[in-house]
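>>> Provide a 3D model corresponding to the input given below.
(2 chains)
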There are 2 protein chains.
Amino acid sequence: MNPLIDGLQYANWSEKIFRQMRAGGVDAVHVTITYHESFRETVLNIERWNRWFERYPDLIFQGFTAADIEIARQTGRSAIFFGSQNPSCIEDDIGLVEVLHRLGMRFMQLTYNNQSLLATGCYEAEDGGLSRMGREVVREMNRVGMVVDMSHSGERSTLEAIEHSTRPIAITHANPARWHPARRNKTDTVLKALAESGGMLGLSLYPHHLKGGSQCSLAEFCDMAARAVDVMGAGNVGIGSDLCQDQPDSIVEWMRVGRWTKVIDYGEGSADAPGFPPMPDWFGDNRDFGNIAEGLKNRGMSEAEVAGIMGGNWMRFYADSFGPEGAV
Amino acid sequence: MNPLIDGLQYANWSEKIFRQMRAGGVDAVHVTITYHESFRETVLNIERWNRWFERYPDLIFQGFTAADIEIARQTGRSAIFFGSQNPSCIEDDIGLVEVLHRLGMRFMQLTYNNQSLLATGCYEAEDGGLSRMGREVVREMNRVGMVVDMSHSGERSTLEAIEHSTRPIAITHANPARWHPARRNKTDTVLKALAESGGMLGLSLYPHHLKGGSQCSLAEFCDMAARAVDVMGAGNVGIGSDLCQDQPDSIVEWMRVGRWTKVIDYGEGSADAPGFPPMPDWFGDNRDFGNIAEGLKNRGMSEAEVAGIMGGNWMRFYADSFGPEGAV
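Predicted coordinates for the structure are as follows:
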């Protein structure tokens, strides 16, 4: 079995996109369901997903364990795994970790660009590492089986999360900073510590994370992937496309600004280019994963390496990560 | 296998009570986790239960399916199934039915004494039956596998719920009104309609539901049980003790008054006796179910009938009720 798994998407979901998942043979997707939303607002987002699951049962269903990916393959559907890009959804209540895990949340970022109750994001000038609550919440996430995701975190917070967590963590969507020094990309120090602890990096297709942006070629992307494998090993790299298909620009503003400021923060964009950048022409939607697999093969990777990056590595990581600690 | 299942308790939970469950060989209990609480407050109550599950894993665990009762027996623990005595927990949001079902809620009363958004309780002067939202919510409860409980509902609402529900419903804790005409007890009309639709009655030990109150004898209770079986058949009757062990009187006030009135409503009590009445001396806590089984045998019931009432009937009902519609 060579599953195809995408480590992160946040699309403007629709029947069209679910059908594209099927057309692309995507077995599982970790989808972002919440950014700055409160717990109750996050539950409303879950309710929206429940309506999609009810309406499109032949295309998608909610995934809770890695075994659901096998079911997805057997039944020709895509398993949808929930995640949060910020800890707003647990508010100031550690008990909500287990509640949201029960509702299917399998990933939570400790920060989204800014300082949170738990840690500090990559856009802050100062990063104090894990907070007191942050250490407790990581312990609780470890206990129930919710993956710590540090994609948008600062370097010190990320290294401390790797160190403090008793289970491997993930950076679901980012690229090596040595290739493209965007603030969201990760240094070799982080990538090595991540790999040594058994963690996963999901390579991002989001243009701001790509050298050359929307113009980045498939060959360049695949060369970057090969170098990430050199640093981390072939078993610790996957895809986290960060596909934000069909989203209006108002969404990227919510992602960046939430309710934390009254002025516009452009994040990775700028006043001249405030919206979502266009995707590279070789990866526009869920039907294009085959291009990446082909590109990795052309770059000289073995069949086993390509299969791992395209889903096998996430599959193993999901199997090890989503159950209670000690049960796997 | 002859499981011992209690169809309703709302105790002031503690290690002592969990140990009494084990001492009494109680395999499963439907526990009330919320009355007038909002969704968020209900989630806080779930979090409290999660702490008990974490703290006493050798005594209790959360039950989700009837199969968990088998696990409870194999591992010498009690399976705890959640329920709500009022629909406050879903607020005005039908999507919360599925969310709470995912969190383990397996029973929900459509009303608690008063008129609700869904139906009308047994203390209202007028009972208009199921409301528009009530019909939609019953349909949704049927779909996901949450049992409609009409223990505190008015007669018309109860009959309409039985009629409208596509799956058998329950009256988890009440007795026949013909035996003791308390407002909470049920007419033969209701009991017959309930049984004909495959529903369950849980016989209550709460003194206000007993002829003679706290002085009701075991023989009288068991005679009442035999008459309930005459009306409903031996397969549709179980126990729903309504045990409110160790609760302070402030709790019965919350149950009756919630936030809906500024004056005291005494419900089944009175100004002279506003608190919890003392339990009959033959049923004080979870160690006393054996007395009831013995009493039913002495009343002349067969071993199979007694086994059904003490848990086998609930077991079958749980197995048929807790999964998605059409899946069982």
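>>> okay, the lowest-mean-pLDDT helix or strand in chain A in PDB with CA atoms only?
Every helix and strand in chain A was compared by mean pLDDT, DSSP states H and E; the lowest is helix A:249-257, with a mean of 90. Taking Å, rounded to 0.1, in the frame of the first residue of the first chain, the C-alpha atoms of helix A:249-257 are listed here in PDB:
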ATOM      1  CA  ASP A 249      -8.600  37.200   0.100                       C
ATOM      2  CA  SER A 250     -10.800  38.000   3.100                       C
ATOM      3  CA  ILE A 251      -9.700  34.600   4.500                       C
ATOM      4  CA  VAL A 252      -6.000  35.300   4.300                       C
ATOM      5  CA  GLU A 253      -6.800  38.500   6.200                       C
ATOM      6  CA  TRP A 254      -8.600  36.500   8.900                       C
ATOM      7  CA  MET A 255      -5.700  34.100   9.100                       C
ATOM      8  CA  ARG A 256      -3.200  37.000   9.600                       C
ATOM      9  CA  VAL A 257      -5.200  39.500  11.600                       C
END
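>>> so which residues make contact with that helix?
A:12, A:35-36, A:85, A:112-113, A:244, A:264-267, A:269, A:274-276 (CB atoms under 8 Å, 6 or more residues apart in numbering or on different chains). Quick note: C-beta positions are derived from backbone N, CA and C, even for glycine.
>>> beyond it, next helix or strand please.
Note on helix A:249-257: by DSSP states H and E, the next helix or strand toward the C-terminus is helix A:289-298.
>>> now the strands for the stretch 1-150 of chain A?
A:5-9, A:28-34, A:60-62, A:78-84, A:105-109, A:147-149 (DSSP state E, counting those that start in this stretch).
>>> let me have these in a markdown table, extended by mean pLDDT, distance to chain B and mean neighbour count.
As requested, those are arranged in a markdown table below (pLDDT from 0 to 100; distance: least, CB to the nearest CB, whole Å; neighbours: other CB atoms under 10 Å in any protein chain shown):
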| stretch | mean pLDDT | distance to chain B | mean neighbour count |
| --- | --- | --- | --- |
| strand A:5-9 | 98 | 22 | 28 |
| strand A:28-34 | 98 | 13 | 25 |
| strand A:60-62 | 98 | 9 | 20 |
| strand A:78-84 | 98 | 11 | 26 |
| strand A:105-109 | 98 | 11 | 25 |
| strand A:147-149 | 98 | 19 | 28 |
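>>> in TSV, list those along with distance to residue B:75.
As requested, those are arranged in TSV below (distance: least, CB to CB, whole Å):
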stretch	distance to residue B:75
strand A:5-9	34
strand A:28-34	32
strand A:60-62	28
strand A:78-84	29
strand A:105-109	27
strand A:147-149	29
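>>> for residue B:321, which of those strands is the nearest?
Nearest to residue B:321 among the strands of the stretch 1-150 of chain A is strand A:60-62; the distance by CB to CB comes to 21.4 Å.
>>> what's that closest one packed up against?
Using 3 or more CB pairs under 8 Å, 6 or more residues apart in numbering or on different chains; DSSP states H and E, the elements in contact with strand A:60-62 are helix A:39-55, helix A:67-75, strand A:78-84.
>>> neighbours around the closest residue to residue A:303 other than its chain neighbours, how many?
Among residues not flanking residue A:303 along the chain, residue A:297 sits closest, at 7.5 Å (CB to CB, 6 or more residues apart in numbering or on different chains). The number of residues packed near residue A:297 is 14, by other CB atoms under 10 Å in any protein chain shown.
>>> show me the contacts for residue A:267.
A:113, A:123, A:252, A:255-256.
>>> quick check: pLDDT value at it.
Listed pLDDT for residue A:267 reads 85.
>>> now the one 5 residues further on
The predicted structure scores residue A:272 at 89 on the pLDDT scale.
>>> quick one on the thing from earlier: so the least confident helix or strand of chain A versus strand A:28-34, what angle?
Here helix A:249-257 runs at an angle of 70 degrees relative to strand A:28-34 (axes from the mean of the first three to the mean of the last three CA atoms, to 10 degrees).
>>> buried residues in helix A:249-257, which are they?
The neighbour-count check on helix A:249-257 (16 or more other CB atoms under 10 Å in any protein chain shown) flags A:251-253, A:255-257 as buried.
>>> okay, the residue in the stretch 51-200 of chain A positioned nearest to chain B and residue A:191: tell me how far apart.
Chain B sits closest to residue A:95 of the stretch 51-200 of chain A, with a gap of 3.3 Å, by CB to the nearest CB. Separation of residue A:95 from residue A:191 (CB to CB, to the nearest Å): 33 Å.
>>> who's more crowded, those two?
Legend: neighbour count by other CB under 10 Å for residue A:95 and residue A:191, higher for residue A:191 (24 against 16).
>>> what sits up against the helix or strand containing the more buried one?
Remark: residue A:191 resides in helix A:188-196, with elements defined by DSSP H and E. For helix A:188-196, the surrounding residues in contact (CB under 8 Å, 6+ apart) are A:155, A:158-159, A:162-163, A:169, A:171, A:176-178, A:186, A:200-201, A:228, A:231-233, A:236.
>>> before we move on, what about stretch A:156-163?
A:110-111, A:119-121, A:127-130, A:134, A:138, A:148, A:150, A:153, A:169, A:171, A:186, A:189-190, A:193-194, A:197, A:199.
>>> helices of the stretch 101-250 of chain A, residue ranges please.
A:132-144, A:155-164, A:188-196, A:218-232, A:249-257 (DSSP state H, counting those that start in this stretch).
>>> closest to residue A:27 out of the ones you listed?
Nearest to residue A:27 among the helices of the stretch 101-250 of chain A is helix A:218-232; the distance by CB to CB comes to 19.9 Å.
>>> buried ones in that closest one?
For helix A:218-232, the buried set under the neighbour-count rule, 16+ other CB under 10 Å, comprises A:218, A:220-226, A:228-229, A:231-232.
>>> what about the nearest residue to residue A:277 once chain neighbours are set aside, neighbour count?
Excluding its sequence neighbours, the residue lying closest to residue A:277 (CB to CB, 6+ apart) is residue A:207, at 4.0 Å. Using other CB under 10 Å, residue A:207 is surrounded by 19 other residues.
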